[in-house]
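Quick one, structure for this:
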Amino acid sequence: MQLPGFSDALSVSALSVYLKEWLETNDMLQDVRVYGEVSNCKTYPSGHCYFTLKDSGAQMNCVFFKQARQRTAAPPLRDGMGIAVYGRISFYERDGKLQLYVESVEPLGMGLLFARLEQLKTRLEAEGLFDPERKRALPERPEVIGIVTSPQAAALRDMARVLRQRYPLARVILSPALVQGEGAPDSIAAALDVLNEHGEAEVIIVGRGGGSIEELWAFNEEVVVRAIARSSVPVISGVGHETDFTLADFVADQRASTPTAAATAVVPNIEDLRLELLDRQQELTSLLEERIEAFGEQLADIQRELERFSPMGRIDSYRQQLDDLTERMQTHTRHLLSLRGERLRGIALQLQSLSPLLTIARGYAVVHRDGDQRLVTSVQQVEVGDDLHIQVADGDIVARVSEIGREL
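The predicted structure follows:
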């Protein structure tokens, strides 16, 4: 039914269906292992069992259908029993409840194992082994990574694949260890100590794949917790699945949900580093271009200053002044020459007007004594027998004095 004014609202049924579908399409929630203590256990005539699984901090409604109980030959459940269950999470629409639908049960006793675990956790926590202040940051780009796990474990192959794909620059050192069963806690602690003594690893992954609570129990043992605590290099734990928690997770410098997630967290993605490097390169290029442009402007300013104070500028100025002076001198000289030429022409005209040649041209002659070239203007200057040089208008006449006539 759609109500007026509520076109964008969901009905309770629609929201319940959505939640159910969302939960049932989440792969992680469809394959979970959870441990805790049984409470409020009721088995109905139908054979279906309903109970609450709880620990000190939370509780979960559980349904164990008859078919699943018969298929796995599960033991009868009782309040106070410690168990680990495997199943899936879904939403019960009618009651609006989130429920764990159990597929199998592994008994852990009547909560004694968990009671011992809580006591150990409380004691170690009181010593400060789980304090956040103890947590160390993982190296950003480790060159050597240590791994503590079983050499035969699929988790090792997964971690190696992730490390190789994400950050092939890192070198991996495997410190093999038993990760479940008798002797596993001491083996894990010894493998951690070996990596610390070796001294090359910059970070250590302690990991194994998922399993039952018993299979993961080695990572709850005190010897493992103390080995992680005394490690001189940071330790990241990757034990089990997302929902699995061990004391190793609390003491480690960082906890990852799975071994694969631990490998992902411990190294950067080389593709991201390449992109970062390209960004830095572009940034550096831009900075260099800006600096070069700034230096170019400074150089241009300095060049202008040098040109302003350069002697070449003064020389060019002097050259121009010299050219101006030269032009002025040439103009003045031409003017003087013109004036002197005019004056000379005037003198020449005067000389021409006084020239004896004009006199000669009118029928007179100029007489020189041939011996000393003295001009003869009087008969007193010659004697009979003197040779004379007579210049007339159209030539010269050589004559000898044979007679001298004097005016009375």
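
Ala252: how many residues sit nearby?
Look at Ala252: counted by other CB atoms under 10 Å, it has 27 neighbours. Where you see a C-beta, it was placed from the backbone N, CA and C, and this is true even at glycine.

who's in contact with the residue nearest to it when sequence neighbours are not counted?
Leaving aside its sequence neighbours, Ala252 sits nearest to Ser237 (CB to CB, 6 or more residues apart in numbering; 3.9 Å). Residues in contact with Ser237 (CB atoms under 8 Å, 6 or more residues apart in numbering) are 205-207, 219, 228, 246, 248-249, 252, 254-256, 262.

nearest to His335, of these?
Gln254 (103.9 Å; CB to CB).

Tell me where the stretch 1-150 of the chain has strands.
32-43, 49-54, 59-64, 82-92, 97-109, 144-149 (DSSP state E, counting those that start in this stretch).

so can I have TSV of those strands showing mean pLDDT, mean neighbour count and distance to Phe130?
Listed next are these as TSV, based on pLDDT from 0 to 100; neighbours: other CB atoms under 10 Å; distance: least, CB to CB, whole Å:
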stretch	mean pLDDT	mean neighbour count	distance to Phe130
strand 32-43	87	18	20
strand 49-54	92	20	22
strand 59-64	92	19	23
strand 82-92	88	20	23
strand 97-109	86	18	23
strand 144-149	96	25	20
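
Columns distance to Leu288 on top of those, output as JSON lines?
JSON lines is the format used below for those (distance: least, CB to CB, whole Å):
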{"stretch": "strand 32-43", "distance to Leu288": "55"}
{"stretch": "strand 49-54", "distance to Leu288": "64"}
{"stretch": "strand 59-64", "distance to Leu288": "61"}
{"stretch": "strand 82-92", "distance to Leu288": "57"}
{"stretch": "strand 97-109", "distance to Leu288": "59"}
{"stretch": "strand 144-149", "distance to Leu288": "35"}
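
Out of those, which gets nearest to Gln373?
Using CB to CB, the nearest of these to Gln373 is strand 144-149, at 127.8 Å.

Domain map for the protein?
12-110, 117-131+141-268, 357-400 (automatic domain parsing).

how far away is the closest residue to Val267 other than its chain neighbours from Tyr18?
The shortest distance from Val267 to any non-neighbouring residue, by CB to CB, 6+ apart, is to Tyr167 (3.7 Å). Distance of Tyr167 to Tyr18, given as CB to CB, to the nearest Å: 40 Å.

Between those two, which is the more surrounded one?
Comparing Tyr167 with Tyr18 by neighbour count (other CB under 10 Å), the higher total belongs to Tyr167, at 20 against 12.

hang on, the more buried one packs against Asn269?
Yes: between Tyr167 and Asn269 there is a contact at 7.3 Å, judged by CB atoms under 8 Å.

and Trp22, what pLDDT?
With respect to pLDDT, Trp22 scores 84.

Ok, Leu277 next?
89.

Going forward, count from 22.
Noted, 22 is the first residue going forward, which turns the last one into Leu298.

how many other residues sit next to it?
11.

go on, Ala284?
Neighbours of Ala284 (other CB under 10 Å): 29.

Run the angle between the helix or strand hosting it and strand 165-170 for me.
Element membership for Ala284, per DSSP states H and E: helix 280-287. Between helix 280-287 and strand 165-170, the angle comes out at 160 degrees (axes from the mean of the first three to the mean of the last three CA atoms, to 10 degrees).

Can you give the contact residues for helix 280-287?
Here helix 280-287 has contacts from 159, 163, 166, 170, 176-177, 179-181, 183-184, 187, 224, 226, 228-230, 257-260, 275, 277, using CB under 8 Å, 6+ apart.

Please convert the buried members of those residues into PyMOL selection syntax.
Command for PyMOL that selects the buried part of those, burial taken from 16 or more other CB atoms under 10 Å:
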select buried, resi 159+163+166+170+176+177+179+180+183+184+187+224+226+228+229+230+257+258+259+260+275+277
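
Mean neighbour count, the domains of the chain: which tops it?
domain 138-152+162-289 (a mean of 19; mean count of other CB atoms under 10 Å).

How about the secondary structure of the spatially most central residue of the chain?
Taking CA atoms, centre = their mean as the criterion, Arg301 is the residue nearest the geometric centre of the chain, at 1.5 Å. Under the three-state scheme (DSSP: H, G, I helix; E, B strand; the rest coil), Arg301 adopts helix.

for it, what are its contacts?
For Arg301, counting by CB under 8 Å, 6+ apart, there are no contacting residues.

how much distance is there from the one helix or strand Thr306 maps to to the middle of the chain?
Following DSSP H and E, one finds Thr306 within helix 291-330. Relative to the mean C-alpha coordinate of its chain, helix 291-330 is positioned 15 Å out (CA atoms, centre = their mean, to the nearest Å).

Repeat that for stretch 140-149.
On CA atoms, centre = their mean, the centre of stretch 140-149 falls 45 Å from the chain's centre.

Now it - C-alpha only, CSV.
C-alpha atoms of stretch 140-149 as CSV (Å, rounded to 0.1, in the frame of the first residue of the first chain):
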residue,chain,number,x,y,z
GLN,A,140,41.7,-15.1,32.7
LEU,A,141,44.8,-15.0,30.6
LYS,A,142,43.5,-12.0,28.6
THR,A,143,42.8,-10.1,31.8
ARG,A,144,46.2,-10.9,33.3
LEU,A,145,48.1,-9.9,30.1
GLU,A,146,46.0,-6.8,29.7
ALA,A,147,46.9,-5.8,33.3
GLU,A,148,50.6,-6.1,32.4
GLY,A,149,50.0,-3.6,29.6
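
what is the closest residue to Gly57 other than its chain neighbours paired to in the beta sheet?
Counting by CB to CB, 6+ apart, Leu74 is the residue found nearest to Gly57 once chain neighbours are left out, at 4.2 Å. Bridge pairing for Leu74 (DSSP bridges) gives the partners Val59, Met81.

ranges for the helices of the protein?
In the chain, the helices defined using DSSP state H lie at 33-45, 87-93, 133-147, 175-187, 205-219, 243-250, 268-272, 280-287, 291-330, 332-375, 377-382.
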